[in-house]
Structure formats: C-alpha cells, structure tokens
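Student: Predicted coordinates and the sequence they were generated for:
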Number of protein chains: 2
Amino acid sequence: RKSQFALLSNVYSLVAKQSKHDMRKVIHSFKVGIAFVLVSFLYLLDPLYKKVGENAIWAIMTVVVIFEFSAGATLGKGLNRGIGTILGGGLGCLAAILADEIGGIGNAIIVGTSVFVFGAAATYFRLIPSIKRRYDYGAMIFILTFNLVVVSGLRTDKVMELARERLSNISMGFAVCVFTNLLIFPIWASDELHYSIASKFETLACYIEGYLEEYFRLVNEKENHSNTSFASCKSMLHSKSSDESLANFARWEPWHGKFGLSYPWDKYLQIGDVLRELATTIVSLKDCLQSHRQPSSALRQSIREPCEVVGSSLAWTLRDIGESIMKMERCRPKAFIAPKLQSMKQELSLVTYSKLGAAENGEGLAMASFV
Amino acid sequence: RKSQFALLSNVYSLVAKQSKHDMRKVIHSFKVGIAFVLVSFLYLLDPLYKKVGENAIWAIMTVVVIFEFSAGATLGKGLNRGIGTILGGGLGCLAAILADEIGGIGNAIIVGTSVFVFGAAATYFRLIPSIKRRYDYGAMIFILTFNLVVVSGLRTDKVMELARERLSNISMGFAVCVFTNLLIFPIWASDELHYSIASKFETLACYIEGYLEEYFRLVNEKENHSNTSFASCKSMLHSKSSDESLANFARWEPWHGKFGLSYPWDKYLQIGDVLRELATTIVSLKDCLQSHRQPSSALRQSIREPCEVVGSSLAWTLRDIGESIMKMERCRPKAFIAPKLQSMKQELSLVTYSKLGAAENGEGLAMASFV
C-alpha cells in the first residue's frame, strides 16, 4: 500500500512538472481557436460580410499566419506584415500606375522588369543576417504584396481600392490576434527569457556540487564509473539560438510586469554567453571523472575539504546572483563578491598543483572574469 | 608601391574569401527574380490568363512563400504546402457540405465549431517538437486552407471548383519553383552539411596545433597573455541548430551527386555532436593558457617533445578522418587508428602527471571514444 502511494506521488510530481508547459500549449491552442472563430464572424454575420466582402479571406489569412506562441512573436510578425504590406502595396501601386501610363506592350515589359528587380533586391536583402533576424517576414510580405498589386494591376482598374481594402482586412486580422493573444492568458517571451537565464545559475550551481560529490564519492567506493548526467548542462551549451530568438521576440513586447520599454535584453544575451562558457568548463570536467588515471585516495582526501569549501562557496555565489536576477533586485556589490573569489583562487593555489586544482581553478577564473 | 600592392592583394583575398558565399546569395536573388517573372506570365500573357483567371494570385503567393535558399528547403516547403492544401481542402469541403445539408442557423454553428476544433487541434499538433521540425509549415497551410474553404463555403456554391482551381494554381507555382531552384545553379543543403561537417575536423586540428604552439611559445617569450582566438571553435559549439536544420532540408533532397536517396544524415548529426564535445574540451584548454599559475619553464620544456608528437599526431588523425569524409572514401580501419591513440595515451601517462598532461589526456579520451 505504501509503495502504491509512493508510485502515485511520483506520477503526480511527474505530471505536475510536465503540466506547466503542456497547459500553456493547451491554452495557446484554445486561444488560436477563439481567434479563428472571431475572424470567421466576418463571413458568418451578414452585416459584417456586406461591409468587407470577399476580401475577408485576407483577415483569416492574417490570423492564421501571425498568431504565434508568445506575445512578442505575434506582435513582431503582425507589425512586419503591416509594414511590408504598406510598403509593397505603395510601391506596387506606383509601378502599376506607371505601367498603365505607358500602356501597350511597354506595360507588360515594365511589370516584368519591376517584378524581377524588386524581387531579386528584396531577396538579397532578406539574406543579410541582421535583417533576416528581425525583418525576414516583413521583406517576404513586401515582395508578396508588391507582386500581387503590380501584376493584378494589369487586369483590374481599381488597384488603389483593392490595396486599401486588403490593408484594412489585414488590420482587422491583426486586431483580432492582438486581442486574443495579449488579453487572454498572454505568454510573454520576455518572462521566458528572464526565467531561463536566471534558472541557468541554479543549474550550474547544482552541477558544481554534483561534480564534487561524485569526485569524492569515488574515493570511498573505489569504483570508477560515474553516473552524474551532464545532459542538461550540455543542452545549456546549445541554448544560444533559442535565447536569441526569445530576445528577438522580447524586443517587440510592450511594457508589462516589471519590464520597461527599453529593457536591456542584450545584457541577458551577454550573461547567457558567459554562462555557456562556464558550462563548457564544467562539462569538460567530466573527462577528469572518466579518466583512468586517478590520483591516490590519500591525495584526494587531502584536498577534499578545501575543494568542498570552494565548491559550495562558488555554488552559493552562483545561486545568489541567479536569485537576484530572478527577483530583479540589485545584486550584492562587486566589491563584496570579487575579493571572495580572489581568496578562493589563492586558497586553491596554495592547496594543490594537482589535476583537480587545475580544473577548479579554471572555474574560478571563469567566475572571476564574470564578476 | 610595394605596400600598395600588398594592400591590394590583401583586399583581393578578402573579397575572394567572402565572394564564394556572396555569389551564392546573388545567384539565389536572380533565381527568385526569374521565378517571379515566370509566374507573372500567368497574368501577362492573355491566353494563359484566360485559363487560370483571378486564381493566379495563388501561384504567385506559392512562389513567394516556398522559394528558399537551398533545394531541400524549397522541396520540403512545397510538399508541405501541397499536402496541407489537399488535406485542409478535402476536410474543409466535407465540413462545408455537411453545414450546407443542415442549413439555417445550424449552418453557422457547424462552421464555427469546426473552425474552432480543427484550428485548436492542429495548433496543438504544431507545438509537438518532432512535428514542428518537419511539418510545421504543412500544418499551418492545413489550417489556412481548411478555414478558407469552410468559411467561404458559406457564401459560394462552387466550393469544390474553387478548391480544385487553387490547388492547380499552387501546383503551377510549385512547378515554377522546382524548375528555377533545382535546374539553375542549385544550392544543395546536403552539400553544405557534408562540407561543414568535414571541414570541422580540419578546424579542430588547426586549433590543437595552434594551442600547442601557443603553449610552448610562452616558454620562450616569458609573457603570459595569449592571442590565439578561439572564436571559430566557440562558434562550432553553437552550430547544433544550424546543422539540424541543414539535415532536415537535406532529407527532402532527391538523389544528386554522390548522395543516394536514403543517405544517412543522422550519422552526420552524430558526428557533429562528437565534434562539438571535442571542441568543448579544446575551448576549455584556454583556461590553462590564461591561468596565472604556470609550471616552470624547465618542466614545460621537458614535456615539450612528447606533447608536440602527440598533438601533431592527433591533428593528423583528425585531418585524415575529415578528408576521408570529405571525399567519401572508406576511412582507414578502426584497427589502424585506435591502437595508435591508445599508445599516445600511454605515452602521455608515462610522461607527465602535470596539468598539461591531464588536459591533453582529456582530448585523447574524447578522440578514443570517437574512434
């Protein structure tokens, strides 16, 4: 009965752990459904349909395409789409009018040339990394709108009206998206970035402690295979791209919670880089654990105490910084932490020229350069 | 005059280095322009326009949206779009016919419910990581087509015809894309992945040599600041996501060059992971260079020769493996390389228990586990 209970509580904790992220996915799916129904009203309700007509498909398309998981991504895509449409539509109208003025076979030539030139130029523009990061979608919509307006300008006389109607429909779709995405259980990319960076400190602290424990456990048990998993430390090494995309989204997000308008997201990326560097050092410590050449246990025992002191102190410092970031409090002044790290380094230098000392010193250095 | 010449040749080599990648961008832009012009013919040429009519905007939209840099990405997006359209259109038609049968207010209720249910379900589906990686775009197009067909089914009687026409237009756009993307200077994601993985071996070999040189240069010059840049080694650490997306695209690519149909792209990802691990070790060696606590130069000199032998041998092995991957030749048998690495390790163990030995041993281990 007792084991059953333990099993149940295990399952429960597993579900609870997973559910936080899964619940967000379910909520997101529901929000998308609601947005679709809202935008369908343009077709479903007669008075609305009479006003917008066939162009309502542009509103539906907008909702499908720009509704993203986080608020920042949705806003970013929506603004990109809006600006791309306006620019593309404006230039397209100009080209269409110019082509119309000339008329005849010149008309088709101008349309073909402008489609080629603007398409190729905007595509090249999209391939520039700094543009690609933030305005890729806008450039694509620019090309799309430009082509549609120029080309269909050949066949309809009401280019301007067409462009205006589509734009207003896209704005309607955007409004529906903003309404459902930001007002119903919003998911902020900035919260996620903040949490992910702050919790990395805690993860690294756990690894340092786990590593030391493992290292000195080997002394007692005289066996040589380690079972500490460095998996999540390694996954941290590969978190650069996800951090960057979160920061990109976060930049689009308006003032909310504790985050102001010009919040320093770049600093988060820098901290992330430093933490990844520290994680590199920690992961490479694994080699020491797996090495067949281990110091004698007497030697190991002799360095045990100072190493554990330094390790737990390092872990404490990391947790402290992480917590102060998490709570957005002012960190302990540098003057308070830096001498402590310096003294740790000195202590280590005194204690040992051995392998472990070197490795730990590497960490100390990384920390020192961080603080 | 001589310095001018040197400057010129410097500039030239810089341009030549950049131009290979830049030329590809320019070629890609031109290809996009050509595809746009080709698809515009649907509007520009009267006989074609009479056949396809207003629905030609779907062909243009398809070209704009699915034309990607590499052949694999274009094919993947195109197939996703095709399958998504067929599934979404089919289900949408069924739902529209069902709603039509019921009629009256029930009609609107069925449309609203089906839009909500299918939208929410497909959105949840999109958030599953394994689906997101390969079929994200297809799921989006499924939602889009389903919504458009169901909702516009309310207002037009010719739902089936509309869906059929749009599908044929999308196929036309896809055909134009495949034609221009695959037949004019195709850019294969598989080539890029192959080259990037194989050249990583060379980069790592250079770093090992550079590190050793730096380490023993310090002995002679008695100065303690290093100027070896580990930047590209670090960027290798963050190459996981770009490798994965290349492999994703490569899977869509048909037989070409030396790559067969079911080429083992997963193996490339595994090799990439192992190389990143090795890069982690090499980057962490930097700490040894920067450490203030350095062994005496006599001690260093004493380990110099064996270390350089081992280092250059390691580098040679890496280059050898990298070249055999690059040329797709069978590698030297494992039985040939492994004992050599074993003996290297032994040699190192004999030579030194010092810091450098430990670090090098880590590398040897990583290599051994790789081979």
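Tutor: All right, it came through fine. Numbers count the residues shown, from 1 in each chain, chains lettered A, B, ... in the order given.
Student: only C-alpha atoms for contact and neighbour calcs from this point on.
Tutor: Noted.
Student: to the chain's geometric centre, what's the distance from stretch A:187-197?
Tutor: 8 Å (CA atoms, centre = their mean, to the nearest Å).
Student: now swap in stretch A:194-208 and tell me
Tutor: Counting by CA atoms, centre = their mean, stretch A:194-208 comes out at 16 Å from the chain centroid.
Student: Just the residues contacting it, thanks.
Tutor: A:230, A:233, A:236, A:268, A:271-272, A:275, A:279, A:282, A:311-312, A:314-316, A:318-319, A:321-323, A:325-326 (CA atoms under 8 Å, 6 or more residues apart in numbering or on different chains).
Student: where are the low-confidence patches of chain A?
Tutor: A:1-21, A:154-157, A:217-234, A:257, A:260-262, A:284-303, A:329-371 (pLDDT under 70).
Student: Please identify the residue most distant from the middle of chain A.
Tutor: residue A:104 (51.8 Å; CA atoms, centre = their mean).
Student: For that one, list the residues it contacts.
Tutor: Contacts of residue A:104 by CA under 8 Å, 6+ apart: none found.
Student: What separation is there between it and residue B:44?
Tutor: Residue A:104 is 12 Å from residue B:44, where distance means CA to CA, to the nearest Å.
Student: Kindly provide the distance from the nearest residue to residue A:266 once chain neighbours are set aside to residue B:74.
Tutor: In space, and not counting its chain neighbours, residue A:266 is closest to residue A:247: 7.6 Å by CA to CA, 6 or more residues apart in numbering or on different chains. Counting by CA to CA, the separation of residue A:247 from residue B:74 is 28 Å.
Student: do the same with residue A:74
Tutor: 25 Å.
Student: In this structure residue A:57 contacts residue B:148, no?
Tutor: Yes - assessed by CA atoms under 8 Å, residue A:57 is found in contact with residue B:148 at 6.6 Å.
Student: Looking at those two, which is more packed in?
Tutor: residue A:57 (25 against 22; other CA atoms under 10 Å in any protein chain shown).
Student: residues in contact with that one?
Tutor: residue B:148.
Student: who in the stretch 51-200 of chain A is up against chain B?
Tutor: A:57, A:60-61, A:64-65, A:108, A:112-113, A:115-121, A:123-124, A:127, A:140, A:143-144, A:147-148, A:151-152, A:154-155 (CA under 8 Å from any CA of the partner chain).
Student: Sitting in helices, which of those do you find?
Tutor: Secondary structure from DSSP state H places A:57, A:60-61, A:64-65, A:108, A:112-113, A:115-121, A:123-124, A:127, A:140, A:143-144, A:147-148, A:151-152 of those in helices.
Student: Can you select the buried ones from these in ChimeraX?
Tutor: Per 16 or more other CA atoms under 10 Å in any protein chain shown, the buried members of these correspond to this ChimeraX selection:
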select /A:57,60,61,64,65,108,112,115,116,117,118,119,120,121,123,124,127,140,143,144,147,148,151,152
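Student: I'd guessed residue A:138 sits against residue A:86; true?
Tutor: No - using CA under 8 Å, residue A:138 is not in contact with residue A:86, being 10.2 Å away.
Student: Tell me which of the two has more neighbours.
Tutor: Remark: of residue A:138 and residue A:86, residue A:138 carries more neighbours, 25 against 19, as counted by other CA under 10 Å.
Student: tell me the contacts of the closest residue to the more buried one other than its chain neighbours?
Tutor: Excluding the flanking residues, the one nearest residue A:138 by CA to CA, 6+ apart is residue A:80, at 4.2 Å. Listed by CA under 8 Å, 6+ apart, the contact set of residue A:80 reads A:135, A:137, A:138, A:139, A:141.
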